[in-house]
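**Q** Next input, structure requested:
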Amino acid sequence: MRSGADSLVSRLWEPPPPPPHTLLTAVRSPCSSSKPSCSSSTSGELWSCKLVVVPHVQHQHHHHHDQQQLQSVFWTTRLLRGGSVNTSSSSSQRNFFSRLGFSSDSLLHRRSNCSQQQTTKTPTPSRSARREQQHTSIVLNGLVHHAAADSPLFHTLDDPDAGKAMHNGSAVATATTAASTVVANGRQAVVPERLQQQEQEEEEEEEEEEEEEQHKSEKQKVSSQVLQRKRRGKSRKLQQQEEETVNSVTEHLKAKLDSSSSPPENVVMPPQKQVGLEADVKHIDLKDLVVADSVYNKELSWLAFNWRVLHMALDVQTPLFERLRFLAISARNLDEFFCKRVGALKRQEAAGVENLITQQRGMAWTPQHQLKNVAREVRLMVETQIKCLMQDLLPALKKEGLNLLDYNKLHHHQKEQLRQYFKSSLEPILTPLAVDPGHPFPFIGNLTLSIAVVLRDPYDDTLQFAIVSIPSGVQRWKSLALNNDHEYVNTFVSVDQIITNNLDLLFGGMEIKSAHMFRTTRNADVARNEEEAEDLLEMITDEMRELRFAPFVRLEVDCEMPQDVIQRLSNELGLSNKDDVYTVLGIADLDSLPVKLGVDSPLIFTPWSPKTHPRLQGSVDIFDVIRKGDILVQHPYHSFVTSTQHFVEAASNDPRVVAIKATLYRTNNDSPVISALVKAAESGKQVAVLVEVKARFDEVRNMGFAQMLEDAGCNVAYGLVGLKTHCKCIMVVRQEENGLRTYVHLGTGNYNPRTASVYSDFGLLSCNPDLGMDVTDLFKYLTGYHRQVAYRKLLVAPGTMRCEFVRLIEREIANARAGHPASIVVKCNGLDDHVMVEKLYEASMAGVTVDCIVRGICRIRPGVPNVSENIRVVSIVGRFLEHHRIFRFENRGKVEYYMGSADWMTRNLTRRVEVVTPIEDESSKQEIQETMDACLCDQRRGWEMRPDGRYQLLGIGSMKKPPRKHIPEAASARLITTVEQMGLHVGLMETVAKRCRKAKKVNLRKKDGSVQKWKNKDGN
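**A** Okay, the predicted model is just below:
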């Protein structure tokens, strides 16, 4: 999961104390009846029963028995709600009821007797009653699955000594199997996300219907009240009998479960202690705590983040096809990790950096030491990925009708059809390459698949070696729905296997002895000398050419490849270390399966369409709207197209706009932002663009954009020598009645519509004069020769940003020492700058409450006695990639908020051009605080760093409640409840959708000329 800028502890927690015995409770909720109820119900309504159970069966032999009991609870509840039970369907049902002192027949008799006391005409249940019934059924069904899903295998994941045994295959299988069942094992019976979201949408619709009813006539209101009175009540006898029945079932199951219940297990990632890192750091002083590799290592911290990504694939509550997608993402993350991070370590090793590490060897690791630790961690991760795919995902996908078939198991006619496909579509683009004294080892590109072929020549009985490289543009999967055969619409076979099994057509007259896939990774880390470059664009062009022939850093091979072939490939590729060879199965391409799924398929996340910001709805002049006040948009909840993209396109089309300036770091191929800038330049506007051509992996694309902009007449800069321009700024100068006015957009994410749909980012649209002047000065620095000592409002790196953040932290420290409230909240992608980390430790020691919401790598160790006891580190990994950079400082109650492009990493604060802006609009402050509240209350996708440096999943085990509960300041109770149960992203989607829907309704009423009689909670 690569982001735009990054490509994306003192002791172990004690085992969780045993909770109270597992309890099965009957929760009463109102429903309707045709007669008045007993006097014991103060509301005059009949109460139905909803059973909620949190079992944890310790021994395997209890599973079947307790599962039958729970099913019986469901049948009983269904019976009490007016449903029917087939009493002859199962002997276990009859035995269960008889042990309680009554039979299922007697239950039916009781139900029929009670029904005679009701009126013959029963009104249709209300929407809330139907939803309550559906909720009960869902909870009970989930409960049955929950009780059966318990497994003792997960104990190894929280055992600090488990790492000693995790390197063998069985231990890895144990960790993988346990991790994949963690949610069912550890959480309460949680309603599936899709059904909970559907339930919440129904609640919203009901609220809207009630609002509409306020505008109806008095006669309709009276009729509604009469109808409600008619629906109320049942007889006291029926209510008592229902309660007696449910209480009997409750007591029985409670007694049975008490003896076997145990606390839910902890979910910890990485699943074992990372080799080389110290778990107990109480003995390390503050200075060493900040710099020691044994406390924090960037490579291992990044791998810990990828473990959390991999957990999305292991989590059984993630939709099935999304699990496959996250498995592929974790594999692609490893590709980038080897290209960049391992490549950099290889370069340091070749340069002899080890010889330079002569002082404090315990504080700094040599490249060789780091490479060894990385290889050990990656090997465990790869094995976990493979077992997750083979033992969990593929069997589950097969049950859903999605099959990945082995070529050897196909029918004869299917093989013939695929052979024809090979002849027509694959053979012409494949080139067999011999390897012998007359044919040197061929060129193999980065991250490309190839086949190592061993052949026997029948003429002289000699063995030959050849390579077949698969072009990168070839689709990896071929559907078996040939000739419109709908039976195999979601059945696929790997193109690799199609090629491997038809090699006889490429090597005619030769005997194929073996053919195995392999994949290579080249070093993408380069040594730049920008100060001596005469032309930065020419330097990058030469660099891209060199990268094609960069040294290899990894070889991935088929698990069945013979050792002699592996050795030959390693020698040819210059990989002498066995740690550079990994056995894999091509997991990175799994999410490229051309699967046909409906939008309502339970195999994927519920589709989300970004909403237009309430203030931008309808045919509005965006410049008029911005003049009325700042607009804070949050992607992907708010639409990029109707906000940021619309801002640039409107500037391009507006004849009163005289100049547009922008920075571009990453964008997509058919970027509408690029098109709008080209159109503006062609219409005679002054357009200046800084295109960062040093953006890793996007250099070639950005050079193409730069050339396109230049051809259109834009003034293009390619970046600054020695610095990457990572800030996200657009500036529009418009001629208005009172003169020129500057409009700006400052964001945390790239101007890329594609990533804006999956990355969570903020963007600020403003015409604040001070911000406009600051951005003007910034572009003078970026495009010309200008030295800006200080800015009016902006914090700019590498100049003033770090000093300003240090000043803000020191102010909180002073406030805390003076006895005033003091707190800091930092949300970013990475936090490893030595200065900022040391200051946060000092703040904690002074009594400042510090919350760090850090998605990726983090140098801080929370919970260290007398050092970081007031620091909490949270990481959220879920449906969307958390990409905000936002900051909050208490300031004695006059809270200050900041937002921008910079992480608190040394590279961002010293080697990149970054911009952070203060947020001064009150409604924008509320939106940022709401997001922070939601992040700190997420108990579904949130992870908490422990003092040992590993992350523990919130919401279960000893993290059922976080060590320090966050008290929301701006978020509504409903949002917090949704976030705690379903996660940050679901909560924000629901909240934004509701606000936009209500704003649209208000706009329609205003357009119709009707009087607005109500207003939502946010004043919209």
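**Q** Identify the bridge partners of the closest residue to residue 726 other than its chain neighbours.
**A** Counting by Cβ to Cβ, 6 or more residues apart in numbering, residue 912 is the residue found nearest to residue 726 once chain neighbours are left out, at 4.4 Å. Any C-beta I mention is one placed from the backbone N, CA and C, and that applies to glycine too. Under the criterion DSSP bridges, residue 912 forms beta bridges with residue 724.
**Q** shouldn't residue 912 be in contact with residue 728?
**A** No: judged on Cβ atoms under 8 Å, residue 912 makes no contact with residue 728 at a distance of 11.9 Å.
**Q** ok, the two, which is more surrounded?
**A** Neighbours around residue 912 and residue 728, counted as other Cβ atoms under 10 Å, are more numerous at residue 728. The numbers are 26 against 23.
**Q** what's across from that one in the sheet?
**A** Following DSSP bridges, residue 728 is listed with bridge partners residue 747.
**Q** how close does it get to residue 662?
**A** From residue 728 over to residue 662 the distance is 9 Å, taken as Cβ to Cβ, to the nearest Å.
**Q** list the residues that contact both of these two?
**A** Here residue 728 and residue 662 have residue 751 as joint contacts, going by Cβ atoms under 8 Å, 6 or more residues apart in numbering.
**Q** what sits against the closest residue to residue 926 other than its chain neighbours?
**A** In space, residue 926 comes closest to residue 970 once its chain neighbours are excluded; the distance is 4.9 Å by Cβ to Cβ, 6+ apart. With contact set as Cβ under 8 Å, 6+ apart, residue 970 has these partners: 926, 927, 929, 930, 933.
**Q** Show the buried residues in these.
**A** 926, 927, 929, 930, 933 (16 or more other Cβ atoms under 10 Å).
**Q** In helices, which of those appear?
**A** Residues of those located in helices (DSSP state H): 926, 927, 929, 930, 933.
**Q** can you redo those as TSV with distance to residue 918?
**A** Supplementary listing: those in TSV, determined by distance: Cβ to Cβ, whole Å:
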residue	distance to residue 918
926	15
927	15
929	14
930	18
933	20
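**Q** so which of those residues comes closest to residue 680?
**A** residue 927 (30.2 Å; Cβ to Cβ).
**Q** and that closest one, what does it touch?
**A** So residue 927 contacts 632, 634, 970 (Cβ under 8 Å, 6+ apart).
**Q** Just give the closest residue to residue 497, not the sequence neighbours.
**A** For residue 497, ignoring the flanking residues on the chain, the nearest one in space by Cβ to Cβ, 6+ apart is residue 407 at 4.0 Å.
**Q** which residues of the stretch 651-800 of the chain fall in strands?
**A** Along the stretch 651-800 of the chain, counting by DSSP state E, counting those that start in this stretch, strands occupy 657-664, 686-691, 715-717, 724-725, 728-736, 739-747, 759-766, 795-797.
**Q** Now the second one - C-alpha only, CSV.
**A** As requested, C-alpha coordinates have been extracted for strand 686-691 and formatted as CSV (Å, rounded to 0.1, in the frame of the first residue of the first chain):
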residue,chain,number,x,y,z
GLN,A,686,0.0,32.6,-17.1
VAL,A,687,0.7,29.1,-16.0
ALA,A,688,3.7,28.0,-13.9
VAL,A,689,4.1,24.4,-12.8
LEU,A,690,6.8,22.7,-10.7
VAL,A,691,6.9,19.0,-11.7
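**Q** From the contact counts, what lies against it?
**A** strand 657-664, helix 672-682, helix 699-711, strand 715-717, helix 769-783 (3 or more Cβ pairs under 8 Å, 6 or more residues apart in numbering; DSSP states H and E).
**Q** And the contacts of stretch 907-916?
**A** Contacts with stretch 907-916, where a contact means Cβ under 8 Å, 6+ apart, come from 5, 720, 722-729, 746, 778, 782, 794-798, 801-802, 833, 835-836, 885, 887, 898-902.
**Q** Identify each buried residue in that stretch, please.
**A** 907, 908, 909, 912, 913, 914, 915, 916.
**Q** ok so, going back, pLDDT wise, what is the residue nearest to residue 497 at?
**A** Per-residue confidence (pLDDT) for residue 407: 93.
**Q** repeat for residue 526
**A** On pLDDT, residue 526 comes in at 76.
**Q** again, but for the one 5 residues further on
**A** Note for residue 531: predicted pLDDT of 61.
**Q** try residue 558
**A** Listed pLDDT for residue 558 reads 90.
**Q** Equivalent analysis for residue 613, please.
**A** Residue 613 is assigned 96 on the pLDDT scale.
**Q** What backbone torsions are found at residue 577?
**A** Phi and psi for residue 577, reported as degrees, to the nearest 10, are phi -90, psi 130.
**Q** repeat for residue 458
**A** phi -70, psi -20.
**Q** That one contacts residue 509, doesn't it?
**A** Yes: between residue 458 and residue 509 there is a contact under Cβ under 8 Å: 7.1 Å.
**Q** Look up the closest residue to residue 717, ignoring the ones flanking it.
**A** residue 690 (4.5 Å).
**Q** Can you give me the neighbour number for the one you found?
**A** Residue 690: 24 neighbours (other Cβ under 10 Å).
**Q** what residue is smack in the middle of the protein?
**A** Nearest residue to the geometric centre of the chain (Cα atoms, centre = their mean): residue 878, 2.6 Å.
**Q** who's in contact with the closest residue to that one other than its chain neighbours?
**A** Spatial nearest neighbour of residue 878, chain neighbours left out: residue 941 (3.9 Å); criterion: Cβ to Cβ, 6+ apart. Contact analysis of residue 941 by Cβ under 8 Å, 6+ apart lists 876, 877, 878, 983, 984, 985.
**Q** if we can go back for a sec, rank the contacts of residue 927 by pLDDT and give me only the lowest.
**A** The minimum pLDDT among these falls on residue 970, with 93.
**Q** any idea how far residue 997 lies from residue 972?
**A** For residue 997, the distance to residue 972 - Cβ to Cβ - is 16 Å.
**Q** cool, residue 746 as well?
**A** Taking Cβ to Cβ, one finds residue 746 at 27 Å from residue 972.
**Q** More neighbours: these two, which one.
**A** Neighbours were counted for residue 746 and for residue 972 using other Cβ under 10 Å; residue 746 has more, 24 against 15.
**Q** Do you know the pLDDT at that one?
**A** Value listed for residue 746 in the pLDDT field: 98.
**Q** rewinding a little: thought residue 726 was touching the residue nearest to residue 717, still the case?
**A** No: taking contacts as Cβ under 8 Å, residue 690 lies outside contact range of residue 726: 10.8 Å.
**Q** circling back: what is the nearest of the buried ones among the contacts of residue 970 to residue 543?
**A** residue 927 (41.5 Å).
**Q** mind checking how far the closest one is from residue 975?
**A** 12 Å.
**Q** just residue 908 next, same as before
**A** In terms of Cβ to Cβ, residue 908 sits 31 Å off from residue 975.
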